[in-house]
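**Student:** Model the following, please.
(2 chains)
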2 protein chains.
Amino acid sequence: MSSDKITIHDIARILNVDSSTVSRALNNSPRVTEKTKNRIIAKAQELGYQRNDLASNLRKNKTNTLGVIVPRISRHFFSSAIAGIEETAYNLGYNVIICQSLEQLEREQNTVNTLLANRVEGVLVSISMETKNYEHFEGLRKRKIPFVFFDRHLNVPETSSVLIDDFQAGFDATEHLIIKGCKKIAHFSGPMDLEIYKNRFAGYKAALLKHHIKFNDELIFNSRLMEQDGIENADKIIGLPYKVDGIFSANDVAAISALQQLKRNDFKIPEDIAIVGFSNEAISAVIEPSLTTINQPGFNIGKRAAELLISQISGNNGSVIDEKIIIQANLVERDSSQKNQGNK
Amino acid sequence: MSSDKITIHDIARILNVDSSTVSRALNNSPRVTEKTKNRIIAKAQELGYQRNDLASNLRKNKTNTLGVIVPRISRHFFSSAIAGIEETAYNLGYNVIICQSLEQLEREQNTVNTLLANRVEGVLVSISMETKNYEHFEGLRKRKIPFVFFDRHLNVPETSSVLIDDFQAGFDATEHLIIKGCKKIAHFSGPMDLEIYKNRFAGYKAALLKHHIKFNDELIFNSRLMEQDGIENADKIIGLPYKVDGIFSANDVAAISALQQLKRNDFKIPEDIAIVGFSNEAISAVIEPSLTTINQPGFNIGKRAAELLISQISGNNGSVIDEKIIIQANLVERDSSQKNQGNK
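**Tutor:** Numbering: from 1, shown residues only, chains lettered A, B, ... in the order given. As a prediction, the model looks like this:
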C-alpha cells in the first residue's frame, strides 16, 4: 500500500473503528480514550499516514506550526527566547520551526518566504542587523498570517512586539559605571537602524546628562558588535590622547573581546577601565574578570511573545493587532566594574 | 487584489513583460538580467506573490527546504553543525528549517511529522537521548524523503550518516589521562542506547586494556550528562573509599559541573583529579582551570552531512543509500589534565 494514498478510512477499516474516531484520535480529541488514541496513532505511523499532508492543509488551512526567525540560534539570549517559545507553543498544541538569518537581510527575506511556503500559522521574528525596512514582512500581513516581533524590532505602526526596556537598561548600565567612579565612558553601539541599539544609546546619553558628564561623540563606536569589532574598538580606545575609564557595550561579545584585548595591552580591568556588557552570555560569568552585564529575561520574552502570537492566531479575523509588551531587564554586577570607588 | 490569486501572469501584465520572463526571474535564471530580476522580485513582493505556494508545491513537489532535527540548538556542537549545514544548503539553493527535540522522544516524533507536513525535501537528524528505535523515521523512508544522521545515530542498516570516530576519541582522551599519570579513571557516560556513548565507553576500556589498568565497573557513571549529573557524579566520587585521580566525561557540561563541585570540596584540579571532557563548548576554554576536551569538527560534520543529503535528493530514485562518513576528532590539551607527570 503506498503511503501517499493512506487515508483515515484505511486506518479505520484496518482497526475496525469509525473513521470519525480515527479523525478525533489524530486530532487529540478528549472524546477518544488514551488507549484507542495510542492504537490509532501507532497504526497511522506504521502505515506512513500523514495527517497534516498538503491536501489536508489546503482544506483545513491548519498546520499547527509556528515559525521563528532569529539572527543566530547560538546566542544565549536567542536560545533562551526559543526555549520560552517552545514551551508555550508545545503546551498549546503548536510545533515550532526555527530559521536563522545570520544577520543578513537576504536570508531573512528567504526565511519569510520559506515559512510562508510551509504554511506556518504565525511567525515570531527578531530582525537582522541589516534589516532597515519592513517590506519583506508585508507578504505575511497580506496573507493574514499574524507575526510578533521580539527584542529586535522595527518601529512600525500596527505590529505587535515583546521588548525589553532597552532605554532603562542602557541608563542603568551607564549610571552603574558613573557610580563606580567612571568619568570618560565609551559606548559600543550596534546599527542605529535597530530600535534596540538606538534605545540603549539614548539610555547611555540620559545617564551622562543626569550626572552632568559631557557627551563626547568620539567615545561612540558603531559596529556590528562581533568579536573582531570589540578588538578594534579597544585598539581605538588605547590610541586616544586621553584616558577612557569605562565602557558600556551594547552586547557581551564585543565587551569580552575588548576586555581581552585591553588585558593583552596591560590594562587592568576594572582598575584602569571598568566594563559593562549586555545580554549575559554564559561565558560572561566565567571569564576573568567576570563581566558585569544586563540580563535579558529571554525565556520570559519568548513565552510572552508566543502567547501573544497564539492569541492572535486563535482570534484571527484579519484585523491588525498593535500590542507592545515591555519587560524589564536587570543589571548583573560582577567583577569587571568593581572599581575602587574612592576615586569618585 | 487578493494575494491568494496573484499569479506570474499578473506580474507580467503589470510590468509589461512575458510570463516566461517572470517565471525565469523568480527561479533566478541566468537568462534574465539582474536589473529585470530585481524589478520582478520587487513587484512580486509588493503584491504578496508566493512562488512556493502550496499549489505550486503540489505540482512541482519542490520546496527547496531541508529540515534539521537536533536535541538542543544551544549546544556548541549542534550550533556549529547547523552553521555547516546552512552554508552548504544555501550555496546549493536550499533553505533550512530547524527543530529541537529537547532530548525527548515524543518531541522528536512530532518534529518528524511537522517536517513531513511541511514537505521538506530531506532531513538531517541527530537523535535525542530517549531515542531507542527507528520507527518514527519510517514515515520518511516510505515517502522517499532522504535523511542523513549526523553524530548521534542509530546503528540501523540502509541509513546514511556522518559521524565522528567516537571510539578513537574516547581512546585518546583516556590514554591522555593515563600518560599524565592517572591510574583510577572514572568515566561519565550517556545513555548506552546511543552509539556515540557506547563507542566512547569502548574507547575508554580499550585504553585501559592497552595500559594494563584493570577495568572497574564502579567507576562508570551513567546519566544524561546534564549539569546536575556532573555534580552528583562528583559527590559519588568523593564518597568512594579509594582515591579517583582522573575523569573522562562523555560531554563538557557534566565535566564542568563536576570540576566545579570538586573544587567546592577542596579538591585540586588537575593535581588531585585530572579531567577530560568531550565536545569543546565555548565555556571550556575560559573556566579555571581550562578544560582539556575532545574537539568535534561540528561545522565540517554539518557540511558533509548536508552535501550527502543534497546529493541523495538530487539523485533521488527511491533507492536507499547506505553511506557512512567518519570524521576524526582531536584532543585539545588544556590545564585540567596537566598533572605532574613525576607521579607516574
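**Student:** CA atoms for contacts and neighbours, from now on please.
**Tutor:** Noted.
**Student:** Name all residues that make contact with the residue nearest to A:Ser284 when sequence neighbours are not counted.
**Tutor:** Nearest residue to A:Ser284, sequence neighbours excluded (Cα to Cα, 6 or more residues apart in numbering or on different chains): A:Leu291, at 5.1 Å. Counting by Cα atoms under 8 Å, 6 or more residues apart in numbering or on different chains, A:Leu291 touches A:Ile256, A:Ile275, A:Val276, A:Gly277, A:Ser284, A:Ala285, A:Glu333, A:Arg334, A:Asp335, A:Ser336, A:Ser337.
**Student:** And A:Leu291, how far from chain B?
**Tutor:** Remark: distance between A:Leu291 and chain B (Cα to the nearest Cα, to the nearest Å) = 13 Å.
**Student:** For the contacts of A:Leu291, name the two members farthest from one another.
**Tutor:** The distance between the two most remote of these (Cα to Cα) is 15.1 Å, for A:Ile256 and A:Glu333.
**Student:** who has more neighbours, these two?
**Tutor:** A:Ile256 (26 against 16; other Cα atoms under 10 Å in any protein chain shown).
**Student:** my read: that one touches A:Ser284, true?
**Tutor:** Yes: look at A:Ile256 against A:Ser284 with Cα atoms under 8 Å: they come within range, at 7.5 Å.
**Student:** Which secondary structure state does A:Leu259 sit in?
**Tutor:** Three-state assignment for A:Leu259 (DSSP: H, G, I helix; E, B strand; the rest coil): helix.
**Student:** A:Glu87 now?
**Tutor:** Under three-state DSSP, A:Glu87 comes out as helix.
**Student:** contacting residues for it?
**Tutor:** If you count contacts by Cα under 8 Å, 6+ apart, A:Glu87 has them with A:Lys303.
**Student:** Kindly report the same for A:Ser336.
**Tutor:** A:Ile269, A:Pro270, A:Ala274, A:Ile275, A:Val276, A:Pro289, A:Ser290, A:Leu291, A:Thr292.
**Student:** Repeat the analysis, applying 7 Å as the threshold.
**Tutor:** When contacts are counted by Cα atoms under 7 Å, 6 or more residues apart in numbering or on different chains, A:Ser336 is found next to A:Ile269, A:Pro270, A:Ala274, A:Ile275, A:Pro289, A:Ser290, A:Leu291, A:Thr292.
**Student:** what about the residue nearest to A:Ala329 when sequence neighbours are not counted, how many residues close to it?
**Tutor:** By the measure of Cα to Cα, 6+ apart, the closest residue to A:Ala329 outside its immediate chain neighbours is A:Gln296, 5.0 Å from it. Using other Cα under 10 Å, A:Gln296 has 27 other residues around it.
**Student:** wait, A:Gln296 sits on A:Ser279?
**Tutor:** Yes: between A:Gln296 and A:Ser279 there is a contact under Cα atoms under 7 Å: 5.7 Å.
**Student:** Test my guess that A:His153 contacts A:Ser126.
**Tutor:** Yes: contact criterion Cα under 7 Å: A:His153 and A:Ser126 qualify, at 6.2 Å.
**Student:** Can you name the residues of the stretch 1-150 of chain A that neighbour chain B?
**Tutor:** Within the stretch 1-150 of chain A, the residues that sit near chain B (Cα under 7 Å from any Cα of the partner chain) are A:3, A:45, A:48, A:52-54, A:73-74, A:79, A:96-99, A:117-118, A:136, A:138-139, A:142-143.
**Student:** The stretch 201-344 of chain A now?
**Tutor:** A:Ile283, A:Val286, A:Ile287.
**Student:** Need the nearest residue in space to A:Phe221, chain neighbours excluded.
**Tutor:** A:Phe188 (4.8 Å).
**Student:** so how many other residues sit close to that neighbour?
**Tutor:** Counted with other Cα under 10 Å, A:Phe188 comes out at 25.
**Student:** quick one, what contacts it?
**Tutor:** So A:Phe188 contacts A:Ile220, A:Phe221, A:Asn222, A:Phe248, A:Ser249, A:Ala250 (Cα under 7 Å, 6+ apart).
**Student:** switch to 6 Å and redo it
**Tutor:** Going by Cα atoms under 6 Å, 6 or more residues apart in numbering or on different chains, A:Phe188 touches A:Phe221, A:Ser249, A:Ala250.
**Student:** The helix or strand harbouring it pairs with which strands, and in what direction?
**Tutor:** According to DSSP states H and E, A:Phe188 maps onto strand A:185-189. Using DSSP bridges, the strands paired with strand A:185-189 are strand A:220-222 (parallel), strand A:246-249 (parallel).
**Student:** Which of those strands sits closest to B:Thr65?
**Tutor:** Taking the strands paired with strand A:185-189 one by one with Cα to Cα, strand A:220-222 is closest: 35.5 Å.
**Student:** On the pLDDT front, check A:Leu58 for me.
**Tutor:** With respect to pLDDT, A:Leu58 scores 43.
**Student:** got the phi/psi numbers for A:Leu102?
**Tutor:** The phi/psi pair for A:Leu102 (degrees, to the nearest 10) reads phi 50, psi 40.
**Student:** From what I see, it and A:Val70 are in contact.
**Tutor:** No: A:Leu102 is not in contact with A:Val70 according to Cα atoms under 6 Å; the separation is 7.8 Å.
**Student:** out of these two, which sits in the busier spot?
**Tutor:** Comparing A:Leu102 with A:Val70 by other Cα under 10 Å, the one with more neighbours is A:Val70, at 26 against 20.
**Student:** can you pull out the helices in chain A?
**Tutor:** A:8-15, A:19-26, A:34-47, A:54-60, A:76-91, A:105-117, A:138-142, A:166-179, A:195-210, A:227-239, A:252-264, A:298-314 (DSSP state H).
**Student:** rank the ones you listed by pLDDT, which is bottom?
**Tutor:** Lowest mean pLDDT of the helices of chain A: helix A:54-60, a mean of 45.
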